[in-house]
Each structure stands twice: as structure tokens, then as C-alpha cells.
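A.B. asks: the sequence and its predicted three-dimensional model are supplied below.
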Number of protein chains: 2
Amino acid sequence: MDALVIGAGGFVGNYLLRQLLAEGKDTGATKLPKERIRVDGCEVYDLDMGNANAVSRLLTELRPAQIYHLAAQSSVAVSWKEPELTVNVNVLGTLHLLEAVRSIPDYYPRILLVGSGEEYGRCRSDAPLTEDTALHPGNIYAVTKACQEMIGQVYARAYGMGIVMVRAFNHIGVGQTPQFVAADFALQIAEIEAGLRPPVMHVGNLSAKRDFSDVRDVVRAYTMLMERGCSGEVYNVGSGHAVAIQELLDLLLDLLLDLSRESVAVEQDMSRMRPSDTPVIQADITKLQTDTGWMPEYSLEETLHTMLDHNRRNFGIL
Amino acid sequence: MDALVIGAGGFVGNYLLRQLLAEGKDTGATKLPKERIRVDGCEVYDLDMGNANAVSRLLTELRPAQIYHLAAQSSVAVSWKEPELTVNVNVLGTLHLLEAVRSIPDYYPRILLVGSGEEYGRCRSDAPLTEDTALHPGNIYAVTKACQEMIGQVYARAYGMGIVMVRAFNHIGVGQTPQFVAADFALQIAEIEAGLRPPVMHVGNLSAKRDFSDVRDVVRAYTMLMERGCSGEVYNVGSGHAVAIQELLDLLLDLLLDLSRESVAVEQDMSRMRPSDTPVIQADITKLQTDTGWMPEYSLEETLHTMLDHNRRNFGIL
């Protein structure tokens, strides 16, 4: 097997499987029993990363040359309620993976560990975040991702394992749940256009600036880092640009069908405001670009258009 | 109860109990069933930090105003062999403590989490390490201590809990096991003096410089930080000086009884060399001193003399 995606049942996993299959890779996927893989052409396995023996058995059987580790408790909100579960899945799960690989004789796969821009936490300035910026994770999810990454660095250095780590910034696309701002806005607009809700957009803090990428560009960065990233190193994966949520909203409102912008009201909703929102989060992606040559292929407008049209088709208005 | 020391069965715990009792505190201690507390005057409880319910029950019963959290899998060597155990004890144990405190109504203790200078890991320069220096932990023990600290910062900020974190550098004193260099040298010299081994000191890398403190000064820093440290903040605890292992050896050889220095040979032992030894590790303790006024009371020579004399008494040569 060329590539195994662990935790392929989520938003990113499905895109990564498509990318790997498009690259002609013999690809496998693991998922939780309750999840579904919506991509044809890969072998699918149920795997609970909490079960160290099961992890070891599957890797011994498949011996994939590349392992993409996406399995995580990835909700910040859940991490507040279930900190122990989050540590178990994100920290012990990663340990189970690395220990399993280490214990299989003559097996030297490349491993990509997926972390998050959340690891940086409170930023002390608006400057783009380089990989050397000190981490101040502000929630338990972010702590576990920083911990996963430190474990990856220890195993890469101590055992000479081929482990590359990424810190992924906001990525958006079709299939994302509306708990994320771009998917939320794209859904609200399509619902307004379809007459399913009054012409009022409910928004949170519009001045916060974030680094948005198309999920298809993100998974392409992952496969390039898998091939060309330096072992033991951490890479930011993002667009390298900070875009205000207001701009995101404006781009979507510019795409309105049949309705004038003036006919849609925008209301700030206290429940969508986060008191501690960091004003600007922007990745410095020099290291990613230098080591892989990666460039984004989708503009933000293009991505938002795709998301909006997908919702419109679901509502039968396109 | 004024103060509870969790994990008091080790080297530092016993000194901390003595310090708290000397300060007139109503003091409790938890230990593992197999451990022994060698200090009179405090209540002793068996507690396994892996058992969240037991942690919660004991804190509900005792409601200590101050909690010193020393319970840890603190061996770097064991952390290589048992990474999962190390995560369970050091990360989940800390989570159990903080979640238990959070869940007890109207209970707002001060908590001190003990981390390690090991968290800094590979240093990129010989400059003293300030608390803002980026962490590059080089082993799983150090990773879990960095993780514990990040969790403490999250809980202090998110829930307004009174949590102070320390990064302790090398501390030495009577009672330390000879896997640590100062205790090892002090034991070898006493054995040579007692005629229990030939007059040959077996040493490792003598050029490495480390930051050594007397354990009695260290625990006094802990009690001062408990009273005066800022919640959510991290403090280095060390001497602020880097001393070469060679100097440590010379100080001990200067204390030889009845034997001339020339009569004791020094042999480098490959098994005591660590290939990746960081050349210089030195704490910047400005923050500790500014916020608490702490100053060390014991010179390195005094501490080594105490350790050596303790061994001599054990061998009946003093």
C-alpha cells in the first residue's frame, strides 16, 4: 500500500483520499465504525486509535509507505467538556501510531502528523506566524496538538523516523459543517435565496482576520510535504494572507443571485461573538513554499462560490 | 488544611513537607501505596492520580488552601520505555487534579504545578534560558511536563484558577538517588574513602555545564511562589549559574578526607556519556527573584559537603 489515511472519515480526510487517488496512489483509509467514507477506490478499515494492538495489527498487515495521521478529537468546544477524551485521542492515539511503526521490523514509512494553527494561541503581535513563534495554546484541543507535535519531533530525532508535522490554518470547502464561519455564511445565504429564512445574515465578530485556504489546496500541501518535507520539521499550511471576516461576508454577498445586497440585512449576534478572539491570525508559509514549491490554486472567491453553489443545488435553486 | 503535597513520596516531596511544617502549616501528603513518607507531623494519604474519582473525593474532604502537585513519572529513562504510562501519570494526572478542583463548589485553592528545565530541550545558544524561550523538549518526560504546563495555563486563563507553574532545574541534596551526577560523585568518593572501591572516579562528560541548586532552596522557592507567584505564569527555579560537571567534581575532590587529590584517578566512562548532551543549561531567574524576592541560602560547596558527610556517616567513617 502506498498511502494510508488514518482518520479519513472527516472533512479533510475525504479530500485527501481524492487527492491521493488522483495521484495514482494505492490508498487505504481508516475510520471510526460510525463514520462513512464517500470516496471510491480505496480500501477502508475500521480503526480505533485508542486500541494500540489494533493499530499495530493493521500497520503490520498493510505496511503503507506513507501514513497520514488525521485521526483526532478536533472540536475545541468538545475539548472543554471532555479534556481527558481529547488527550486520549490526540496524544495517546499518536503515541500508539508511532510506537506501532517503531515496533514493526524493517518498516520505515513516512508519517505526516496534522496539527493546527490553534497551537499558536494568543498572539502577541499581528505579524505573520513563523514556525519558530512560541506556542501559547488557549484551549485543550490546541494543547493536545502541540503535544502531538512535540512527540513527533522527539520520535523523529531519537529514532530517526520520517515524521513531518503540519500546523494547518483555517481551511474551507464543500462538506464542512456550519460551525465554521465560511460554511455558516454560505449556508445562510443559500437559505435566504431559497426563501427558507428571512433576508438577515447573523454574524459574529467581523473584524477578526483569519488565514483561509481551500481544503483542496491544503490536502495538496499535505501530499507535497509527505514527499518533500524534512523529517522532524514543522510546517505552517495556510494561504499566507489574513482576511477579515467582513471581507469573507462581502465576497459572499457579491455572489447573491436575484437579490440586491441592500435587501439583505446583517445583524451581529452576541452568541456568535467570542470575547477572547485574537484580532489577526496569519501564517508565514515561507518554509512550506521553500521546501515544496507549493502554491494555492483556488482563490478565496472561487472557493466560496463553489460552497455557495453546492448549497444552492441542495436547495434546488441552481 | 493549609497545604497538601501531592506525590510527596519522592526526593523533593520530603523536603517540601519539612519546609511547610517549619512554616507552621497544617500539612497533608499523598503518596503511592508502595512509598514511604519520612517526615513526622503531617497527615498521609495513599492516592493514585490515575483515579479521577479518588482525587476528587480526597480534595472534597480536605479542601487544602494550597496544593503542591509533585506526582509524576519523573524518569527520562523510564519515559523512553513507557511513554504511555508517562503521559497517563503526568498529563492525565494533572487533568484529574484540575478538573477535581474545578468541580468542587466554592473551592478556590492555589495550585503549584512542578515542571522541569528539561522542557527547554535543545538550546540554540548558551544564553540563560528565560521563560519566553521556545521549548524543544528532547524526550517524552519533557514533552509531558511542557504539556502539563500548557494545560495549567489554559485552566488558569479560562477558569480563573490560581495556578502557578515552575520549571525546576537540577536540584541536589541528601536522599537523591545516584542516577544523578552529584549524588553519584558524592557516593563514589565516600566509597573510595571507606575503602569500598579502588581510588578511581568514573565520570561522564565533564565539560557540560548545568544549573545546580540545593533542594532546600528549591522547595523554599516553591512555597514563596505559592504565596506570591502570579497565576497563569511560569517561573524558572534554579541558581541562575552554570557550573561545569568538572567544577562539581573538583569541589568534591577538594573535600577529600585523608586522601590527596593526586591519589584519586578520574576515568571517563563511555556508558556515562550522552551523545546529545546540551553544552550549557542555565536558568534566567529574574522573574522568580522579582516576584518573590527569593535568594539561595546554600552554596554549591556547602550542599556537596552535606551530601558527602551523609554518605560518610552511612559508611561509619565520620
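C.D. replies: Arrived safely, thanks for sending. Numbers count the residues shown, from 1 in each chain, chains lettered A, B, ... in the order given.
A.B. asks: can you name the residues of the stretch 151-300 of chain A sitting close to chain B?
C.D. replies: A:151, A:153, A:154, A:157, A:158 (CB under 8 Å from any CB of the partner chain). C-beta coordinates here come from the backbone N, C-alpha and C atoms, glycine included.
A.B. asks: got the contact list for the second one?
C.D. replies: In this case it means residue A:153. Going by CB atoms under 8 Å, 6 or more residues apart in numbering or on different chains, residue A:153 touches A:163, A:165, A:232, A:234, B:136, B:137.
A.B. asks: ok so, going back, so can I have JSON lines of the residues of the stretch 151-300 of chain A next to chain B showing pLDDT?
C.D. replies: Listed next are these as JSON lines, based on pLDDT from 0 to 100:
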{"residue": "A:151", "pLDDT": "98"}
{"residue": "A:153", "pLDDT": "97"}
{"residue": "A:154", "pLDDT": "97"}
{"residue": "A:157", "pLDDT": "94"}
{"residue": "A:158", "pLDDT": "94"}
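A.B. asks: what about the contacts of residue A:153, which one has the most neighbours?
C.D. replies: In terms of neighbours by other CB atoms under 10 Å in any protein chain shown, these top out with residue A:163 at 29 neighbours.
A.B. asks: circling back: in strands only, show me the contacts of residue A:153.
C.D. replies: In strands, judged by DSSP state E, the following of the contacts of residue A:153 are found: A:163, A:165, A:234.
A.B. asks: residue in the stretch 151-300 of chain A with the shortest distance to chain B?
C.D. replies: residue A:151 (5.7 Å; CB to the nearest CB).
A.B. asks: quick one: the strands in the stretch 101-250 of chain A, in order.
C.D. replies: With DSSP state E, counting those that start in this stretch as the criterion, the stretch 101-250 of chain A has strands at A:110-116, A:162-168, A:171-172, A:200-203, A:209-210, A:213-214, A:234-237, A:243-244.
A.B. asks: got those as JSON lines, with mean pLDDT columns?
C.D. replies: What follows is those, written out as JSON lines (pLDDT from 0 to 100):
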{"stretch": "strand A:110-116", "mean pLDDT": "98"}
{"stretch": "strand A:162-168", "mean pLDDT": "98"}
{"stretch": "strand A:171-172", "mean pLDDT": "96"}
{"stretch": "strand A:200-203", "mean pLDDT": "96"}
{"stretch": "strand A:209-210", "mean pLDDT": "92"}
{"stretch": "strand A:213-214", "mean pLDDT": "98"}
{"stretch": "strand A:234-237", "mean pLDDT": "98"}
{"stretch": "strand A:243-244", "mean pLDDT": "96"}
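A.B. asks: and residue A:22, which of those is closest to it?
C.D. replies: Residue A:22 sits nearest to strand A:213-214 of all the strands of the stretch 101-250 of chain A, at 15.1 Å, using CB to CB.
A.B. asks: who touches that closest one?
C.D. replies: So strand A:213-214 is contacted by A:169-173, A:237-239, A:296-298, A:300, A:302-303 (CB under 8 Å, 6+ apart).
A.B. asks: who wins for neighbours among the residues you listed?
C.D. replies: Counting by other CB under 10 Å, top hit in those: residue A:238 with 30 neighbours.
A.B. asks: tell me the pLDDT of it.
C.D. replies: Looking at residue A:238, its pLDDT stands at 98.
A.B. asks: can you give me the distance of it to residue A:226?
C.D. replies: If you measure residue A:238 against residue A:226 using CB to CB, to the nearest Å, the figure is 18 Å.
A.B. asks: next one: residue A:171
C.D. replies: For residue A:171, the distance to residue A:226 equals 17 Å [CB to CB].
A.B. asks: with residue A:294 instead?
C.D. replies: For residue A:294, the distance to residue A:226 equals 12 Å [CB to CB].
A.B. asks: domain parsing for chain A?
C.D. replies: A:3-171+A:212-237, A:174-210+A:242-282+A:298-314 (automatic domain parsing).
A.B. asks: among these, which is the most enclosed?
C.D. replies: The highest mean neighbour count among those, using mean count of other CB atoms under 10 Å in any protein chain shown, belongs to domain A:3-171+A:212-237: a mean of 20.
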